[in-house]
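Undergrad: Just the structure for this:
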Amino acid sequence: MLKPIVTDRKALSHKCELVVMGEDITQIVQDLKDTFEPLKNRGFGLAANQISINKAVAYILFASKEYILINPQIIDKALPIPFMEGCFSFSGLQLKTKRFNYIKLRHGLDGKEEEFRGLLAIVIQHEVTHLQGKTFFDFKWKASN
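TA: Next up, the predicted model:
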């Protein structure tokens, strides 16, 4: 189901609840996909809290490949870089952020670990931090970076 995008910064500032074993997230994933569909030419993904669902689930469509992130955690990162970043929750706004060109991610109910680099690593960081109750405002690039 197509859902409205949350634009209230305070509403996005709460950490999402973890998905537990046996919990059915089929509808959450479908709602993320449906809501993302009309936006897909303008970005790469959505976090569940951006559609008012308080669960640690994110959907990314990158280079025609879908990524469903469940309980994602960045467990390693390297190579900080400045990046001009946008967000569907703050349409029309772009900020220069500090992100990492390399991340190691643990996700899924099985705790699978994967490494990502480049733009996909940045996209994943954006969605993971949403699930942690943070937005790109929390990662503004500073001259001291």
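Undergrad: Report the buried residues of the top helix by length along the chain.
TA: Across the chain, the longest stretch assigned as helix under DSSP state H is helix 118-131. For helix 118-131, a neighbour-count test (16 or more other Cβ atoms under 10 Å) marks 120-131 as buried. Glycine gets a C-beta too; all of them are placed from N, C-alpha and C.
Undergrad: quick one: low-confidence ranges for this protein?
TA: Flagging of the chain using pLDDT under 70 yields the residue ranges 143-145.
Undergrad: hang on, Ile25 packs against Tyr59?
TA: No: contact criterion Cβ atoms under 8 Å: Ile25 and Tyr59 do not qualify, at 10.7 Å.
Undergrad: quick one on the thing from earlier: chain center to the longest helix of the chain: distance?
TA: 5 Å (Cα atoms, centre = their mean, to the nearest Å).
Undergrad: Count the neighbours of Phe88 for me.
TA: The number of residues packed near Phe88 is 20, by other Cβ atoms under 10 Å.
Undergrad: swap in Pro72?
TA: Neighbourhood size, Pro72 [other Cβ under 10 Å]: 25.
Undergrad: Show me what the longest helix of the chain is packed against.
TA: strand 45-47, strand 57-62, strand 65-70, strand 73-86, strand 94-107 (3 or more Cβ pairs under 8 Å, 6 or more residues apart in numbering; DSSP states H and E).
Undergrad: Within its sheet, name the partner strands of the third one and how each one runs.
TA: The sheet places strand 65-70 alongside strand 57-62 (antiparallel), with pairing taken from DSSP bridges.
Undergrad: contact partners of the strand it pairs with?
TA: Strand 57-62 has contacts (Cβ atoms under 8 Å, 6 or more residues apart in numbering) with 16, 19, 25, 28-29, 32-33, 36, 40, 44-48, 66-70, 72, 119-120, 123-124, 127-128, 130-131.
Undergrad: next one: stretch 105-118
TA: If you take Cβ under 8 Å, 6+ apart as the criterion, stretch 105-118 is touched by 19, 21, 69-75, 101-104, 124, 128.
Undergrad: ok, back up a step: got the buried residues of helix 118-131 as TSV, with distance to Phe137 columns?
TA: Formatted as TSV, these follow (distance: Cβ to Cβ, whole Å):
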residue	distance to Phe137
Leu120	22
Ala121	20
Ile122	16
Val123	17
Ile124	18
Gln125	14
His126	12
Glu127	15
Val128	16
Thr129	10
His130	12
Leu131	16
